[in-house]
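Engineer: Output the structure for:
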Amino acid sequence: MSKKLFLTSLALTLAACGGSNNSTTQTPNPVPSYTNVVNLGGDTTATDTSNSGHGFSTPAPNLTATELEQHLAGDANFEVAFTTAPNEQHPEFDGLGPVFNNADCNSCHQRDGRPSSVVVNRHGGPVKLSSEDAIFLRISIEEEGLNCTEQTPDNNYCAPIAVPTFNDQLFHRGVLTARHDWTENPSVGQADVYISYEYSNFTYPDGAVIELKKPVFDVRNPYDAPSETLASGAPTSRLFQDDVKFGARNGMPVFGLGLLEAISEADIVALADPQDTNNDGISGKANYVFDKIKANANDPYPVSIGRFGWKANTPTVRQQSLCALRGDMGITNPLFPNESIENTPLHDEYLARTGYVDTGIGPDGGPEANQAFSDDVTFYAETLAVPARRNVDDENVIAGAVLFEQVNCTGCHTPSFKTQTAMDIGGKPAIAALTAQTIYPFSDMLLHDMGEGLSDGRRDFLASGNEWKTRPLWGIGLTKTVNPGAGFLHDGRADTLEEAILWHGGEAVNARDEFAKLSKSDRDNLIAFLGSL
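Structural biologist: Residues are numbered from 1 along each chain as shown. A predicted model of the protein is given here:
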């Protein structure tokens, strides 16, 4: 059958689905305009890595020779595994920790994509997170009656409130002697974290059953009360008090970030509908977050629209990258020059006991990662290519694109934007290769209430515990090619795209339910479309 005849047949078939038995003519569902689009990243698209395990690791092909050189320098920095200070042979690589979650960028963003989910024997006990695992816990305390109607210096712009003596991220790993009890707990950080899974079944209207799982975390052995656990009666550790909230975070793909940064704020805000004025059950709102670059430039209102992170809690690629460098690895840098656990009892005791060897200051008297290192690793994250689509002429993929619209996945996963023609990002001119590009990220960049099933109960600036940023879908079909062990969603709970869809609730529940009502073949077609992205 020719492609033209197939599309005509498809439209007629879909027009007949769900219609009145008395009707002989109906308006066919149109084939979406993006159905045959291959270059999701415009001119930055990589067209020769479709079936490669390195499909997310290609530099944008429209970079200049000088830009490509900087990108490759950043690539090398992304792979650097930092070491404990002092490292006399390579002092430029020391400064790890003293507590951290991983020693290099790639461990959380394997081959620039998603990390492997933690494997747990369902018939065994919880598994302790190790150096092989990329997931970690955000932590904060919730202040009763906090008013975030306005973000001001008085309410710290509604930033998450750090847990006293711990900070806002739980570091489960440490250098060998990080803790005072290191002989009993070598290489343990602020606490041990264990993971297990809770299982449930989802039953489709047609009777098909699919098993779902979600991770359950158990925190034990905090440095301020080593014998305690979350389940301890009347715990004394600050970590186990009732006001502390925990939220799991998995690493996410890092390609295409510069393009998302280049979308105008006006275009994102135009999609917001916080009062659901069109009554489609979908609201969507922007997160507004503290902007470290603006603050350093003495901007009187250091707040910007959030674009990155699971809850859109960072405004720029630079802040996202360098915050992770300092947070996840404990490597200070020009944007974050202080250690992540500075002035906590754990850090003060470590410095005194070890002779103040690792104070967050590099061999040149500056931060542990210098300006060039920081610039290059940021540029790398900004200029990774978006992989080209595959199988766009496949009849199942085309049918799936129609169904993607029909069940209103596009209510949140906005197909396309055009990046700005000229802009200033983080105090620097935009990268020319990223400007004036028509891109297809399939995300509205907004926060949506995804229901209790996905909630972590933890506020993050203007994002509630139920709200998450719409994940871009570009490249999602290559996830398992790049890393067969990768999982989906913020905590890696979904092993497949089908499972990820079935976890959608809240504002996405109608789309989820419409997906569930489809026949098995239609569900497969919709997933085939996602697999082509």
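Engineer: Near the closest residue to residue 421 other than its chain neighbours, how many other residues are there?
Structural biologist: Distances taken as CB to CB, 6 or more residues apart in numbering put residue 436 closest to residue 421, at 4.7 Å, once the chain neighbours are dropped. C-beta coordinates here come from the backbone N, C-alpha and C atoms, glycine included. Neighbours of residue 436 under the rule other CB atoms under 10 Å: 13.
Engineer: Verify the stated contact: residue 286 with residue 312.
Structural biologist: Yes - the criterion here is CB atoms under 8 Å, and residue 286 meets it with residue 312 at 7.5 Å.
Engineer: buried residues in the helix or strand that contains residue 530?
Structural biologist: Following DSSP states H and E, one finds residue 530 within helix 520-532. Judged by neighbour count using 16 or more other CB atoms under 10 Å, the buried positions of helix 520-532 are 522-523, 525-532.
Engineer: Then stretch 67-84?
Structural biologist: Applying 16+ other CB under 10 Å to stretch 67-84 flags 67, 70-71, 73-75, 77-78, 80, 82-84 as buried.
Engineer: And stretch 213-230, by the same measure?
Structural biologist: 213-215, 217, 219-226, 228-230.
Engineer: Run a quick neighbour tally on the nearest residue to residue 483 once chain neighbours are set aside.
Structural biologist: Spatial nearest neighbour of residue 483, excluding adjacent residues (CB to CB, 6+ apart): residue 110 at 4.9 Å. The tally of other residues near residue 110 (other CB under 10 Å) stands at 18.
Engineer: just to revisit the earlier point, which residues are common contacts for residue 286 and residue 312?
Structural biologist: Counting by CB atoms under 8 Å, 6 or more residues apart in numbering, the shared contacts of residue 286 and residue 312 are 305-306, 445-447.
Engineer: can I get the residues you listed in CSV with distance to residue 131, pLDDT and neighbour count?
Structural biologist: Converted to CSV, the shared contacts of residue 286 and residue 312 look like this (distance: CB to CB, whole Å; pLDDT from 0 to 100; neighbours: other CB atoms under 10 Å):
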residue, distance to residue 131, pLDDT, neighbour count
305, 35, 98, 19
306, 30, 98, 28
445, 33, 98, 26
446, 35, 98, 26
447, 33, 98, 28
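Engineer: Now secondary structure too, for these, in JSON lines please.
Structural biologist: Below are the shared contacts of residue 286 and residue 312 laid out as JSON lines (DSSP: H, G, I helix; E, B strand; the rest coil):
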{"residue": "305", "secondary structure": "strand"}
{"residue": "306", "secondary structure": "coil"}
{"residue": "445", "secondary structure": "coil"}
{"residue": "446", "secondary structure": "coil"}
{"residue": "447", "secondary structure": "strand"}
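Engineer: Export those residues as TSV, with columns for distance to residue 95.
Structural biologist: Shown next, in TSV, are the shared contacts of residue 286 and residue 312 (distance: CB to CB, whole Å):
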residue	distance to residue 95
305	32
306	28
445	34
446	37
447	35
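Engineer: sorry, back to before: which one of the buried residues of helix 520-532 is nearest to residue 324?
Structural biologist: residue 530 (27.2 Å; CB to CB).
Engineer: what's near enough to touch the closest one?
Structural biologist: Residue 530 neighbours (CB under 8 Å, 6+ apart): 400, 404, 473, 476-477, 497.
Engineer: ok, the residue nearest to residue 43 when sequence neighbours are not counted - how many residues close by?
Structural biologist: Excluding the flanking residues, the one nearest residue 43 by CB to CB, 6+ apart is residue 62, at 4.5 Å. Using other CB under 10 Å, residue 62 has 18 neighbouring residues.
Engineer: One more: residue 364?
Structural biologist: 10.
Engineer: same thing with residue 156?
Structural biologist: Neighbours of residue 156 using other CB under 10 Å come to 15.
Engineer: where does the stretch 351-500 of the chain dip in pLDDT?
Structural biologist: When residues are selected by pLDDT under 70, those of the stretch 351-500 of the chain lie in 426-427.
Engineer: can you map out the helices along the stretch 1-150 of the chain?
Structural biologist: 3-16, 65-79, 105-108 (DSSP state H, counting those that start in this stretch).
Engineer: taking the buried residues of stretch 213-230 one by one, which sit in strands?
Structural biologist: Among these, the residues falling in strands (DSSP state E) are 213-215, 217, 219-220.
Engineer: Need those in CSV (columns: pLDDT and distance to residue 453).
Structural biologist: Listed next are those as CSV, based on pLDDT from 0 to 100; distance: CB to CB, whole Å:
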residue, pLDDT, distance to residue 453
213, 97, 12
214, 96, 8
215, 97, 13
217, 96, 16
219, 97, 22
220, 96, 26
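Engineer: tell me which of those is nearest to residue 394?
Structural biologist: residue 213 (30.4 Å).
Engineer: ok, now how distant is the closest one from residue 187?
Structural biologist: Distance, residue 213 to residue 187, by CB to CB, to the nearest Å: 29 Å.
Engineer: Test my guess that the residue nearest to residue 421 contacts residue 423.
Structural biologist: No - using CB under 8 Å, residue 436 makes no contact with residue 423, being 10.5 Å away.
Engineer: My guess is residue 56 contacts residue 482. True?
Structural biologist: Yes - the pair residue 56 and residue 482 passes the contact test of CB under 8 Å, sitting 5.5 Å apart.
Engineer: For these two, indicate the residue with more neighbours.
Structural biologist: A side-by-side neighbour count of residue 56 and residue 482, using other CB under 10 Å, places residue 56 first with 28 against 22.
Engineer: Who are the contact partners of that one?
Structural biologist: Contacts of residue 56 (CB under 8 Å, 6+ apart): 111-113, 253-255, 384, 387, 475, 478, 482.
Engineer: Disregarding flanking residues, what is the spatial nearest neighbour of it?
Structural biologist: Nearest to residue 56 is residue 112, by CB to CB, 6+ apart, at 4.0 Å.
Engineer: burial measure for the one you found, as a count.
Structural biologist: 25.
Engineer: do the same with residue 88
Structural biologist: 8.
Engineer: same deal with the one 5 residues further on?
Structural biologist: Using other CB under 10 Å as the criterion, residue 93 is surrounded by 19 other residues.
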